[in-house]
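Peer 1: just the structure for this:
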Amino acid sequence: MSYRSGSPTSAAQVLGMFTATLSGAACLGGLVFLVITARPDERGVLDTAAFRTHLMAERLSLVWVAGAVAMVALQASADAGVPVGRVLASGQLGSAVGASEAARGWVAAAVFATLVAVGLRLTVRWEWHVVLMIPAVVAVVAVPVTGNAGQGPDHDYATGSVIVFALALAVLTGVKIAAAGTPGQQPERGYPQTVALLAGAVALGYGAFLLALLAGPGLLLGSGYGRLGLLAAAALLAGSVIDLRQRRTVRAGGQPGRAATVVSALTAMVAVACVSGMSVQTAPRLLAEQPTIFDILLGYDLPGAPTALRLLTFWRFDTFLGTAGLLLAAAYLVGVARLRRRGDRWPVGRLVSWLAGCLSLVLATGSGVRSYGSAMFSVHMVEHMTLNMFVPILLVLGAPVTLALRALPTAGSGQPPGPREWLLRVIHSRFTGFLSNPITAFVLFVGSLYAVYFTPLFDTLVRYHWGHEFMSLHFMLTGYLFYWGIIGVDPGPRRLPFIGRLGLLFAVMPFHAFFGIAMMSMTSEVGGNFYRGLALPWVPNLNDDQHLGGAIAWGASELPILMVVVALVVQWARQDRRSAERADRHAESGYADDEMEAYNAMLRELARTRR
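Peer 2: Numbering: from 1, shown residues only. Here you go, the predicted model:
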């Protein structure tokens, strides 16, 4: 992972890694801190205290961009084993970057960090700082997934874990730096301390799992990689103790101590420094084992040809999306329990639908469907259809936003906005309105299907586990946006009339049918280089497997469409029944006669004035 211990290139790589990682963490965590502490006005413009955090993030974003750009050359030269000056002088930087997976990760980090820097320069509205978290998240995880975690045996576990770890560490560090830099901006409810505690716990848990996976128990003290990991864990633990005391102080009505806040920020920076030092070293496990082709391409061995039993029992739990599914189910149950404690009811059908969606997410990303789907195109299409159509439909029918708005407490008069107010602002923001617009949702839902599979993009994504995570998350979100506008009961987008929604749903069907037919008739293999590299003995013909995948895509789309049609017709009938009941109540109370008389009087007056 580095050119040579003690060389100028190696020293510059460590420094560049720390600078870019710390500034990126400060930007992402600063955005989080700003969002949870700001008191925007009616137009969404930041208050004075939040603007100071904005300025800090804006300036550090420039450091982030510069550090990421510098690391492109440093990482490429280190992986090529050539001093950076020689690479630049020879004009071979492009070739070196193309040959280095980590250098390409830094290119992605530089691009998305630039988006954050430009966005911070152009806006001072609260809603757009929420939007800027998206490119910031991508930039933060772009490099870790291409490092040690993405290589060798069990890299599927490590990749999912490092995504969560990198985000938790960045949020933890950035929130603490922002709190230390803006001492007067501490809300009464202690949101920054709560976020820091949660992020610290997640970083500790996932960090320990990664350390055990990449270093192994026997090399924790016997390698520099392991010792740096233990030091990072000690720093995170010390910071969590300070954060817990700070939160208790704020909850009791006091103010967090300035010195303790600064020390807590320093512990997070120490953890970032240790992680940066580990990132430029090769993990001990990668040096100690001889990986097979399955280890390199998948991270695990397959037990044989897929069967129904193996698809159900051969588990590789997804530490990113699988954990997200479990947490979403737990949060929903907590919300329902809170409603019932205060005597409110919540429809059982919505609860069942949400839990079924979360269970489907866990199964699709952790069972043999994912394990074999990463190696076979036909099984991959089963996973794709589940995540793109079945899971979003079930989650949308669960009405999570409505539940959250009913379960979350309202901020009191004079209090800073809380989670309920943040959620309302995001739902009614222009960005959410644009994404949930029927035309936008339709284009994303249909267009991304063709953009991924009919371009070289799939050849790249199928090769890496982070690519599988990206596809899973992307297809699930685009599916949710599309079905939210058709059968969603949550507040949000301005929906089409029921007949328009039905027409939009039927408009999708030809595109899915054509996609399946195209896959069944193609003579070239999608992702052929990757599948040929695996050379699975039970897949002698890649074209046949691809044709089977096309048939699955064609046939599997009918059942979810039928589910949506049934749900839409039921909602339509319920709305008509409610409209009829309202009309009957008006008629019984005499309001209808009064309204008709007023309407006739208006027509008579209009006719008189025209004469």
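Peer 1: what sits against residue 363?
Peer 2: Residue 363 makes contact with 369, 386 under the criterion Cβ atoms under 8 Å, 6 or more residues apart in numbering. Every C-beta, even on glycine, is put in place using the N, C-alpha and C of the backbone.
Peer 1: and the gap between it and residue 328?
Peer 2: Using Cβ to Cβ, to the nearest Å, residue 363 is found at 14 Å from residue 328.
Peer 1: for the stretch 51-200 of the chain, which spans come out with low pLDDT?
Peer 2: 183-189 (pLDDT under 70).
Peer 1: swap in the chain?
Peer 2: By pLDDT under 70, the weakly predicted segments of the chain are 1-9, 183-189, 217-218, 253-254, 414, 493, 576, 578-611.
Peer 1: burial of residue 525, as a residue count?
Peer 2: For residue 525, the neighbour count with other Cβ atoms under 10 Å is 17.
Peer 1: ok so it is a strand residue?
Peer 2: No - counting by DSSP: H, G, I helix; E, B strand; the rest coil, residue 525 falls outside a strand, being coil.
Peer 1: wait, it sits on residue 543?
Peer 2: Yes - Residue 525 is within contact range of residue 543, at 6.4 Å (criterion: Cβ atoms under 8 Å).
Peer 1: what's next to stretch 236-252, contact-wise?
Peer 2: Residues from elsewhere that reach stretch 236-252, judged by Cβ under 8 Å, 6+ apart: 172, 176, 186, 188-190, 193-194, 196-197, 200-201, 203-204, 207, 255-257, 260-261, 263-264, 267-268, 271.
Peer 1: tell me which element residue 129 falls in.
Peer 2: For residue 129, the element it lies in under DSSP states H and E is helix 126-142.
Peer 1: can you count the residues close to the residue lying closest to residue 34 once chain neighbours are set aside?
Peer 2: Using Cβ to Cβ, 6 or more residues apart in numbering and skipping residues adjacent in sequence, the residue nearest residue 34 is residue 53, 4.4 Å away. When neighbours are defined as other Cβ under 10 Å, residue 53 has 25 of them.
Peer 1: do the same with residue 532
Peer 2: Neighbours of residue 532 (other Cβ under 10 Å): 12.
Peer 1: swap in residue 455?
Peer 2: The number of residues near residue 455, taken as other Cβ under 10 Å, comes to 11.
Peer 1: am I right that it sits in a helix?
Peer 2: No - read with three-state DSSP, residue 455 is coil and lies in no helix.
Peer 1: give me the distance between it and residue 447.
Peer 2: Taking Cβ to Cβ, one finds residue 455 at 11 Å from residue 447.
Peer 1: the contacts of stretch 236-252, buried ones only, as a ChimeraX selection?
Peer 2: The following ChimeraX line selects those of the contacts of stretch 236-252 that are buried, judged by 16 or more other Cβ atoms under 10 Å:
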select :172,176,186,189,190,193,194,196,197,200,203,204,207,256,261,264,267,268,271
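Peer 1: so which of the contacts of stretch 236-252 sit within helices?
Peer 2: For those, the ones inside helices are 172, 176, 193-194, 196-197, 200-201, 203-204, 207, 260-261, 263-264, 267-268, 271, with DSSP state H as the criterion.
Peer 1: skipping its backbone neighbours, what lies nearest residue 250 in space?
Peer 2: Closest residue in space to residue 250, ignoring its immediate chain neighbours: residue 190 at 3.6 Å, by Cβ to Cβ, 6+ apart.
Peer 1: who's in contact with that neighbour?
Peer 2: Going by Cβ under 8 Å, 6+ apart, the list of residues near residue 190 reads 246, 247, 250, 251.
Peer 1: centroid-nearest residue for this structure?
Peer 2: residue 473 (6.7 Å; Cα atoms, centre = their mean).
Peer 1: just the element for it, please.
Peer 2: helix 465-487.
Peer 1: got a list of contacts for the helix or strand just after that helix?
Peer 2: Beyond helix 465-487 in the direction of the C-terminus, DSSP H and E gives the next helix or strand as helix 498-521. Contacts with helix 498-521, where a contact means Cβ under 8 Å, 6+ apart, come from 438, 442, 445-446, 449-450, 453-454, 482, 485-487, 495-496, 526, 546-547, 549-555, 557, 561, 564-565, 568, 571-572, 575.
Peer 1: quick check on these: which are buried?
Peer 2: For the contacts of helix 498-521, a burial check counting by 16+ other Cβ under 10 Å picks out 438, 442, 445-446, 449, 453, 482, 485-487, 526, 546-547, 549-554, 557, 561, 564, 568, 571.
Peer 1: next, count neighbours for residue 91.
Peer 2: Neighbours of residue 91 (other Cβ under 10 Å): 8.
Peer 1: residue 131 too?
Peer 2: Using other Cβ under 10 Å, residue 131 has 18 other residues around it.
Peer 1: so it touches residue 431, yeah?
Peer 2: Yes - between residue 131 and residue 431 a contact is recorded at 5.0 Å, counting by Cβ under 8 Å.
Peer 1: list the contacts of the residue nearest to the centre of the chain.
Peer 2: Taking Cβ under 8 Å, 6+ apart, we find residue 473 in contact with residue 321.
Peer 1: and the gap between it and residue 375?
Peer 2: Counting by Cβ to Cβ, the gap from residue 473 to residue 375 is 20 Å.
Peer 1: for residue 551, same thing?
Peer 2: From residue 551 to residue 375 the distance is 19 Å (Cβ to Cβ).
Peer 1: repeat for residue 432
Peer 2: With Cβ to Cβ as the criterion, residue 432 and residue 375 are 37 Å apart.
Peer 1: repeat for residue 56
Peer 2: 46 Å.
Peer 1: then residue 225?
Peer 2: 30 Å.
Peer 1: what about the two, which has more around it?
Peer 2: The residue with more neighbours, out of residue 225 and residue 375, is residue 225; 24 against 20, by other Cβ under 10 Å.
Peer 1: verify the stated contact: the more buried one with residue 280.
Peer 2: No - using Cβ under 8 Å, residue 225 is not in contact with residue 280, being 10.1 Å away.
Peer 1: may I have the helix holding residue 129 as PDB, with CA atoms only?
Peer 2: C-alpha atoms of helix 126-142 as PDB (Å, rounded to 0.1, in the frame of the first residue of the first chain):
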ATOM      1  CA  TRP A 126     -30.700  24.900   5.600                       C
ATOM      2  CA  GLU A 127     -32.400  22.500   3.100                       C
ATOM      3  CA  TRP A 128     -29.400  22.600   0.700                       C
ATOM      4  CA  HIS A 129     -27.000  21.700   3.400                       C
ATOM      5  CA  VAL A 130     -29.000  18.500   3.900                       C
ATOM      6  CA  VAL A 131     -28.600  17.800   0.200                       C
ATOM      7  CA  LEU A 132     -24.900  18.500   0.300                       C
ATOM      8  CA  MET A 133     -24.500  15.600   2.700                       C
ATOM      9  CA  ILE A 134     -25.100  13.200  -0.200                       C
ATOM     10  CA  PRO A 135     -21.900  14.100  -2.200                       C
ATOM     11  CA  ALA A 136     -20.000  14.400   1.100                       C
ATOM     12  CA  VAL A 137     -21.000  10.900   2.100                       C
ATOM     13  CA  VAL A 138     -19.900   9.500  -1.300                       C
ATOM     14  CA  ALA A 139     -16.600  11.400  -1.100                       C
ATOM     15  CA  VAL A 140     -15.900  10.100   2.400                       C
ATOM     16  CA  VAL A 141     -16.500   6.400   1.600                       C
ATOM     17  CA  ALA A 142     -14.900   6.400  -1.900                       C
END
